[in-house]
Every structure is written in structure tokens, then in C-alpha cells.
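Trainee: the sequence isn't on hand, but the structure is:
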């Protein structure tokens, strides 16, 4: 069986971890057969790598489409998209920051919150601050197909 997938190359190129990628769910508008829909219009998506916990900004042009061959028993689990709306976390800043990540079916939304506490942000809020999640700022965590930024 042939199945399509999307991925991002994580921008964290730490020698400790080496090159790695972020598996993403397929966009809901994907049609079977033919070329995948363009995501070139998607810009500046703050995405937390589930593996290294670094947060970088990605554009739709960063997405890689791949096709794999496997039988149903070998198909990898489909990642669940997660959207986090949080306050910047910088003292006195009320800016809202939206970041995305994925979780697997064995994780709960609360596990994503725990993962964010150790996230390293390489993006800024609208006021120019580097956000932080260490102090558990107020946030809203949503998941499911409507939370896929791509």
C-alpha cells in the first residue's frame, strides 16, 4: 500500500541530536491521487518539535511531501495536531502567542503542557520578546484536525 505523509526538517541542528524531522498529519483538503495542495501561502507558523522541544518559525514552503510503501500493519501512527494559545510569559507582556506541535495517541493534552515547560523558543511575540512557558502562563490547548496549521 502507498500512503502519503508530510514532514518538516527541524531547524534545530544540534550536533547532540543530529538532523531530524517532524512528522505531520495530512492536510484535510488532500485529495487522493494527483499532487498535494500547495501550502506556499502559509507563513510564520511557530512549531514545537516534539523530539527536541525547540520552537522555530516555519512556512508552507518548508513542508516536504513524501510517499511511503508499507502494508497496513507497518503504517506509522498518525500524529495529532495541537494548537497552543498562550501569553508571552515575559513580565508585563499581554501578547498572545500561538504555537503548534503534534502528539501521538498515547499522549494527552496535559503531556503537551509538560513538554512546553522545557521548550526553547527561537521566535518572538508581537512585542519582540522571546516567549517562555516555564512559569505556566495561562494557555488554551486544542487538538484535532482543525488545529493543523498546514
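Mentor: On my side now, so go ahead. Every value quoted in this text rests on a predicted model; they were computed, and no experiment measured them. Numbering: from 1, shown residues only.
Trainee: report the central residue of this structure.
Mentor: residue 101 (2.9 Å; CA atoms, centre = their mean).
Trainee: what mean pLDDT does stretch 23-40 have?
Mentor: For stretch 23-40, mean pLDDT is 65.
Trainee: for that stretch, measure first residue to last.
Mentor: 18 Å (CA to CA, to the nearest Å).
Trainee: partners of the helix or strand containing residue 81 in the sheet?
Mentor: Per DSSP states H and E, residue 81 falls inside strand 80-87. Pairing partners of strand 80-87, with direction, according to DSSP bridges: strand 96-103 (antiparallel), strand 139-143 (antiparallel).
Trainee: and that strand, average pLDDT?
Mentor: Averaging pLDDT along strand 80-87 gives 94.
Trainee: quick one: secondary structure of residue 146?
Mentor: Of the three states, residue 146 takes helix under DSSP: H, G, I helix; E, B strand; the rest coil.
Trainee: what's the answer for residue 114, then?
Mentor: Classification of residue 114 by three-state DSSP places it in helix.
Trainee: hey, what's the closest residue to residue 130 other than its chain neighbours bridged with?
Mentor: Nearest residue to residue 130, sequence neighbours excluded (CB to CB, 6 or more residues apart in numbering): residue 121, at 5.2 Å. (C-beta placed from N, C-alpha, C; glycine too.) When assigned by DSSP bridges, residue 121 has beta-bridge partners residue 55.
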